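Visitor: predicted coordinates and the sequence they were generated for:
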Amino acid sequence: MNIVVYPGTFDPITNGHTDLIERSARLFDHIIVAIAASPKKRPLMDLDTRVELARDVLGHLDNIEVVGFSNLLADFVREKNANIILRGLRAVSDFEYEFQLANMNRVLAPTVESLFLTPAEQYSYISSTIVREVSSLGGDISTLVHPKVAAALKKAHASA
Ligand code: COA
């Protein structure tokens, strides 16, 4: 059985992430969407909100679990008995950072493989940062995120 961990900060989960998760749900037995606390990124939304939103958005997939974590990814992967770390590669610019992460994770957890999928091209330019920024300035993000995410962002900006 292949258990996959798909880690990220997901501040917020976008349609690009969902597209990648839907693709991986067709390929693997069980996917754990691992939402990192990522305090260094100073997320707009707290960890519980990010987890709750991802659960709502991914509710149509039955081999998906959404979990928050704040420890080392390699330790979290071992705790979950997972054997694969999945990451998305949107553009060449993602490669250098992903290469570094994958190599560090191989040192920390030698039996775990990092695999990469590309999202559909209409999502290749999205990032959570750009979605947050457009939403904070009142732009239309309805093609980029689930309606619940758009509403949660609006609320978060109002109270920020
Ligand atoms: N569609 C849309 N956007 C995507 C995407 C996709 N398919 N794939 C990635 N992105 C975007 C994200 O929205 C994010 O945008 P942002 O920087 O504007 O927030 C960016 O690409 C990449 O970030 P993300 O996927 O959230 O990952 P991250 O770089 O924030 O987090 C972790 C990386 C969580 C995996 C890493 O920090 C980690 O492992 N942390 C745990 C602590 C640890 O073990 N550290 C040592 C690692 S060796």
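Guide: Done, it's in.
Visitor: in the strand or helix carrying residue 106, which residues are buried?
Guide: Residue 106 is part of helix 92-108, with elements assigned from DSSP states H and E. Burial within helix 92-108, assessed by neighbour count using 16 or more other CB atoms under 10 Å, is assigned to 94, 102, 105. Placement of C-beta: from N, CA and C, glycine included.
Visitor: and the second one, what does it touch?
Guide: This points to residue 102. By CB atoms under 8 Å, 6 or more residues apart in numbering, the residues touching residue 102 are 85, 87, 114.
Visitor: and of the residues you listed, the nearest to the ligand?
Guide: Ranked by distance to the ligand (CB to the nearest ligand atom), the contacts of residue 102 are led by residue 87 at 7.0 Å.
Visitor: any chance you could map the strands in this protein?
Guide: Assigned by DSSP state E, the chain shows strands spanning 3-8, 30-36, 64-69, 84-88, 113-117.
Visitor: identify whichever of those strands lies nearest to residue 145.
Guide: strand 3-8 (14.3 Å; CB to CB).
Visitor: and that closest one, which strands flank it?
Guide: Paired neighbours of strand 3-8 in the sheet (DSSP bridges): strand 30-36 (parallel), strand 84-88 (parallel).
Visitor: which residue is the nearest non-sequential neighbour of residue 123?
Guide: residue 16 (3.4 Å; CB to CB, 6 or more residues apart in numbering).
Visitor: measure the one you found to residue 81 for me?
Guide: 28 Å (CB to CB, to the nearest Å).
Visitor: those two - which one has more neighbours?
Guide: residue 16 (22 against 9; other CB atoms under 10 Å).
Visitor: tell me who's in contact with the more buried one.
Guide: Contacts of residue 16 by CB under 8 Å, 6+ apart are 88, 90, 119-120, 123-124, 126, 144.
Visitor: neighbours around the closest residue to residue 12 other than its chain neighbours, how many?
Guide: Excluding the flanking residues, the one nearest residue 12 by CB to CB, 6+ apart is residue 149, at 4.8 Å. Look at residue 149: counted by other CB under 10 Å, it has 25 neighbours.
Visitor: return the nearest residue of the chain with respect to the ligand.
Guide: residue 16 (2.2 Å).
Visitor: the residue nearest to residue 123 and residue 57, how far apart?
Guide: According to CB to CB, residue 16 and residue 57 sit 12 Å apart.
Visitor: among the strands paired with strand 3-8, which is the most enclosed?
Guide: strand 30-36 (a mean of 23; mean count of other CB atoms under 10 Å).
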